[in-house]
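Novice: quick one, fold the following:
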Amino acid sequence: MATSAKPKVIIVGAGIFGLSTAYYLADDGYKIAIFDQHPYDRGDGYKLNPGSIAASVDENKILRASYGDELYYQRLAYEAREIWKRWNDELGPGKELFVESGMLRVQHSSHLDKLEKKTLANMTAEGLRDTQYILSNEDDARRAEERGWSHKLLRFPIPMPDGRETFEAVLDTTAGYVYPSQACAYLADKLRKKGAQFIEGPEKGAFVSLLVESSGGSKRVMGIRSKDGQEHLADLVIMACGSATPMLVPEVSRVLEATAGSVVTVRLPPREEASELWDKYSHDNWPVIIGHDPDPTGKTVGSRSIYSFPRTDDGLVKIGYRVTKYTNYVKLPEFDHLISVPLRPGVDDTSLPIKSVEGIKTFVSTFYPDLASLPIIATRLCFYTDTVDNSWLIDYLPGYNDTLFICTGGSGHGAKFAPILGKHVRDVIKKKPKTELTHHWRWRPELPLGNGLEEGPNGPRTLDKQKRATPEDLRHAGWWKESRI
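Specialist: Numbers count the residues shown, from 1 in each chain. As a prediction, the model looks like this:
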């Protein structure tokens, strides 16, 4: 990278990873230009709409620090949490970006699994055990009553394999959810005030190719070419393109995979018609609920889960399904192999696999039975970027003389780190000594393919192999999709 006092950096991608990185680099005096194909700088901004495919553009995402034995992510989550709270103070009442609703981690049996035990052990080691409440623990139940959390230690009659109608769960009172779309807009505003340049839109903001100079067997990235034909020069190009990264940078397509989670949104009746539901599912009375897929090894299973949120101010309840992460393999001209890519803007991403719908129906009947007759007003396939081990890919790409940097691989758990991610990315860019955290983000093609990437296009998760839900499938459960948000 050039030795100029203020290097010019192009960041491709104006989502969580790109904006957080830009924010901390701008603090250090880097000249920042951010490109994105979506015109976030006008119209609806970061609001979810049919033309947006970015996972960063969403109503809400979970903030939690439960990471099994991955203490480095637990600590990073709490580091981010403090800044979310600071942002809340900056914005003032009614404009908060982080809601401390608590989160109920539901077990798939009447006892704690290995992953949950490791999480609690790390919470205890960090002096945080008193923020965690085990449903069946009498001391915890008494403490929850004393501290005003007992109403969120929810109990449901779930039939278990041993015949008992019970289950185990842990309430994490440090967890909750954030508003990623609003957070992106907030960071973008801060960046504009710092002098960062935004080039957005389907022509001038859309990345087409890298500008690569080859000399004597050595390659350097000199900048990028946008769809309008313009060439933009920089000392460093950072590709923070989320699920689109594998198709824009072929070298990473073997270790990154675009995968889709399934999301439904239910609308409560008008407040005046169902005030009891509005009260029940408010963040004051209802936690985030997450149920991880059982894993007998006790290894962190990333985002293989079903989860739900308290209602929004508009009376919307979002439920997400990531037990199966679907792939969309295609053959692109510049590749010698099939790769999974997100659906193109304008391609229908609202028809969910029937497997997801059935899983969500079961979840709703268990945790939200009084919502089962209400309409689904929105469905969405939300594409993320999975790595082989769920740790992100944040490093220089070899072979380009430190002029091309990859910053992606959120694996379904990146949004909550928006306030702090860029601080550590900046350390990697500046080649500071690797920490335990940044070591896990290194370029690591030596790792065996896992996390589903080993399945490839012949695996069972490809969208072309899925039976897709129809309006009739939704109607069968008392659900009817009226329209898309």
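Novice: check for me that Asp139 belongs to a helix.
Specialist: Yes. Assignment of Asp139 by DSSP: H, G, I helix; E, B strand; the rest coil places it within a helix.
Novice: that one and Leu352, how far apart?
Specialist: Distance of Asp139 to Leu352, given as C-beta to C-beta, to the nearest Å: 42 Å. No exception for glycine: its C-beta is placed from N, CA and C like everyone else's.
Novice: and the two? Which one has more around it.
Specialist: Leu352 (26 against 9; other C-beta atoms under 10 Å).
Novice: right, and that one touches Cys382 too?
Specialist: No. Between Leu352 and Cys382 there is no contact under C-beta atoms under 8 Å: 10.6 Å.
Novice: quick check: neighbours shared by the two?
Specialist: Ser262 (C-beta atoms under 8 Å, 6 or more residues apart in numbering).
Novice: and for Ala415, the neighbour number?
Specialist: By other C-beta under 10 Å, 27 other residues sit near Ala415.
Novice: ok, it - contacts?
Specialist: By C-beta under 8 Å, 6+ apart, Ala415 lies in contact with 16, 55-56, 58, 61, 178, 180, 183.
Novice: could you pull out the strands for the stretch 101-250 of the chain?
Specialist: Using DSSP state E, counting those that start in this stretch, the strands of the stretch 101-250 of the chain run over residues 103-106, 132-134, 169-172, 176-178, 197-200, 207-215, 218-226, 231-233, 236-239.
Novice: show me what the last one is packed up against.
Specialist: The one in question is strand 236-239. strand 8-12, strand 218-226, strand 404-408 (3 or more C-beta pairs under 8 Å, 6 or more residues apart in numbering; DSSP states H and E).
Novice: domain map for this protein?
Specialist: Domains of the chain are assigned by automatic domain parsing as 8-62+180-255+388-449, 100-176+257-387+460-476.
Novice: now, of those, which is deepest in the fold?
Specialist: domain 8-62+180-255+388-449 (a mean of 19; mean count of other C-beta atoms under 10 Å).
Novice: for that one, measure first residue to last.
Specialist: With C-alpha to C-alpha, to the nearest Å as the measure, domain 8-62+180-255+388-449 spans 35 Å from end to end.
Novice: offset the numbering so it begins at 102, please.
Specialist: With 102 as the first residue, the last one maps to domain 109-163+281-356+489-550.
Novice: quick check, central residue of the chain?
Specialist: By C-alpha atoms, centre = their mean, the chain has its centre lying nearest to Gly513, at 3.8 Å.
Novice: what about that residue, distance to Ala307?
Specialist: 25 Å.
Novice: do the same with Lys419
Specialist: Per C-beta to C-beta, Lys419 is found 29 Å from Ala307.
Novice: kindly report the same for Ile407.
Specialist: Ile407 is 34 Å from Ala307, by C-beta to C-beta.
Novice: same question for Thr225.
Specialist: Taking C-beta to C-beta, one finds Thr225 at 49 Å from Ala307.
Novice: and if you look at Val113?
Specialist: Using C-beta to C-beta, Val113 is found at 9 Å from Ala307.
Novice: do the same with Glu332
Specialist: The value you get for Glu332 to Ala307, if C-beta to C-beta is used, is 14 Å.
Novice: Pro443: what's it in contact with?
Specialist: So Pro443 contacts 154, 343-345, 359, 361, 429, 484 (C-beta under 8 Å, 6+ apart).
Novice: pretty sure Thr220 is touching Arg165, no?
Specialist: No. Contact criterion C-beta under 8 Å: Thr220 and Arg165 do not qualify, at 9.6 Å.
Novice: my guess is Asn502 contacts Lys320. True?
Specialist: Yes. The pair Asn502 / Lys320 is scored as a contact, 6.9 Å apart, by C-beta under 8 Å.
Novice: to which secondary structure element is the residue nearest to the centre of the chain assigned?
Specialist: Assigned by DSSP states H and E, Gly513 belongs to no helix or strand.
Novice: got the phi and psi for it?
Specialist: phi 80, psi 10 (degrees, to the nearest 10).
Novice: is it correct that it is in contact with Gly421?
Specialist: No. Counting by C-beta under 8 Å, Gly513 stays clear of Gly421, with 9.2 Å between them.
Novice: list residues touching both of those two?
Specialist: Gly362.
Novice: OK, contacts around Thr122?
Specialist: Contacts of Thr122 (C-beta under 8 Å, 6+ apart): 112, 339, 341, 508, 522-523, 526-527.
Novice: where does it land on pLDDT?
Specialist: Thr122 is assigned a predicted lDDT (pLDDT) of 98.
Novice: any idea how far Pro499 is from Asp273?
Specialist: When Asp273 is compared with Pro499 (using C-beta to C-beta), they lie 39 Å apart.
Novice: give me the subset of the contacts of Ala516 lying in helices.
Specialist: Among these, the members found in helices (DSSP state H) are 117, 281, 284.
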